[in-house]
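Novice: Below is the sequence, then the predicted model.
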Amino acid sequence: MTDLTSLHADRAAPIVPRTFVQYLRSFGPGIVIVLTWLGAGDIVDMALAGANYGYALMWVLVLAVAMRFVLVSLVARYYLCNPRGEGVLDGLARLHPWYAPMLFGAAVIMGHVYESYMTVGAGEACRNLFGVGETWQWALLCNGFAFALVFRPSYRRFERTFKVFLALLSISFVGSALWVGANPSGVLQGLYRLEMPDQHGHFNPLLIAVAMIGVVGGSIMNLAYPYFLEAKGWRGPEYRRVQAYDFLLAMGIMVVLNLAIWTLGAELLYPDGHIRQMDDLPRLLSTVLGPGGRWLFYVGIFAAIFTSIIRK
């Protein structure tokens, strides 16, 4: 797992931004945490929702992101503004001595479980992208690159790397959605129509909604955001405003990326198609758009999975 506390910020505290350009240059921790959240589970869940219910239920995604925004904003506010100057985990440990060992155990177990299938996913994505080698060979190469990136931690390099992956994700997912022909009115109606459609396919819409809220809204990694703020050098209430804007931008990015994947499921699979695993959508894109569409989407899958590997 990446030692977040070792991603040291510069010795001098960063400036508190005052102008629009300074704010843009300061943004970063929100992008890093959002890309650590986005993974294979989001891709499958969003595509599955679009495949079964078209553009309906998109409002659930907005609700899930809003819940996460409130929760993580409170965590960040505690870190920046608490009078004790302590971290979030320090505060939890102060409430009860069992919090620290329980969170440590959960982090170790979940880290190993998630890393195992994320490693396989990254290897499969690379193998499918380039058409050579074995999954385990690509998995070793990806993990070696991730290890090299975090072995000598530098937050600036870490943040720049994640911004590159954000560009890849945006080009891949948003580009694929535009390529297949997104329906703007359908997206808009799905966002504001608070409806629960009849069941279609194997999954009840309420089950999909609850799963979506669980995948998007809640994770133990919510507690990691303050440590990226610390690595950035943001410490104290004077950074509260830039943190809020940084995280708001990140949540907007998260909504756009998830809606792009959802749109692919709605346009390519609804109402009679099915998706059972992550590779189903790239295969269909290859049929509809040709090899270029498949390659484009696999780039996004790799970027989503690899950023999750780095955070472990």
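Specialist: Okay, I see it.
Novice: Please report the distance of the residue most central in space within the chain from Phe162.
Specialist: The residue lying closest to the centre of the chain (C-alpha atoms, centre = their mean) is Leu38, at 2.0 Å. Distance of Leu38 to Phe162, given as C-beta to C-beta, to the nearest Å: 11 Å. Backbone N, C-alpha and C define where each C-beta goes, glycine included.
Novice: where do the contact lists of those two overlap?
Specialist: Common neighbours of Leu38 and Phe162, using C-beta atoms under 8 Å, 6 or more residues apart in numbering, are Thr307.
Novice: Specify the next element, helix or strand, located C-terminal of the helix or strand of the chain with the lowest mean pLDDT.
Specialist: Within the chain, no helix or strand scores below helix 280-289, which has a mean of 71 by mean pLDDT, DSSP states H and E. Using DSSP states H and E, the helix or strand that follows helix 280-289 in sequence is helix 291-310.
Novice: Now that following helix: buried residues?
Specialist: For helix 291-310, the neighbour count (16 or more other C-beta atoms under 10 Å) marks 293-310 as buried.
Novice: Let me see the ranges of the helices in the stretch 101-250 of the chain.
Specialist: Taking DSSP state H, counting those that start in this stretch, the helices of the stretch 101-250 of the chain run over residues 135-151, 155-169, 175-180, 184-192, 205-212, 225-232, 240-268.
Novice: Pick the most deeply packed of those.
Specialist: With neighbours defined as mean count of other C-beta atoms under 10 Å, the helices of the stretch 101-250 of the chain peak in mean count at helix 225-232, which reaches a mean of 24.
Novice: Now do the same contact list for Glu159.
Specialist: Per C-beta under 8 Å, 6+ apart, neighbours of Glu159: Gly28, Pro29, Ile31, Val32, Lys232.
Novice: Pull the number of nearby residues for the first one.
Specialist: Counted with other C-beta atoms under 10 Å, the neighbours of Gly28 add up to 22.
Novice: Please report phi then psi for it.
Specialist: The phi/psi pair for Gly28 (degrees, to the nearest 10) reads phi 170, psi -50.
Novice: Could you report the separation of it from Thr161?
Specialist: 11 Å.
Novice: just to revisit the earlier point, quick one: the least confident helix or strand of the chain to chain centroid distance?
Specialist: 23 Å (C-alpha atoms, centre = their mean, to the nearest Å).
Novice: Starting from Met221, give me the distance back to Leu285.
Specialist: Relative to Met221, and taking C-beta to C-beta, Leu285 is found at 29 Å.
Novice: quick one: which two of the contacts of Glu159 are the most distant?
Specialist: By the measure C-beta to C-beta, Ile31 and Lys232 form the most distant pair in those, at 11.1 Å.
Novice: if we can go back for a sec, just the residues contacting the least confident helix or strand of the chain, thanks.
Specialist: Outside helix 280-289, the residues that reach it (C-beta under 8 Å, 6+ apart) are 43, 47, 128, 176, 179-180, 264-265, 268-269, 273-275, 293-294, 296-298, 301.
Novice: can you rerun that using 10 Å?
Specialist: 43-44, 46-48, 50-51, 125, 128-129, 176, 179-181, 261, 264-265, 267-269, 273-275, 277, 291-298, 300-301 (C-beta atoms under 10 Å, 6 or more residues apart in numbering).
Novice: before we move on, what about stretch 167-174?
Specialist: By C-beta under 10 Å, 6+ apart, the surrounding residues in contact with stretch 167-174 are 34-35, 38, 43, 46, 175, 182, 253, 256-264, 295-304, 306-307.
Novice: how close does Thr135 get to Cys126?
Specialist: Per C-beta to C-beta, Thr135 is found 8 Å from Cys126.
Novice: again with Pro101
Specialist: Computed with C-beta to C-beta, the distance linking Pro101 and Cys126 is 37 Å.
Novice: Nothing else from me, thank you.
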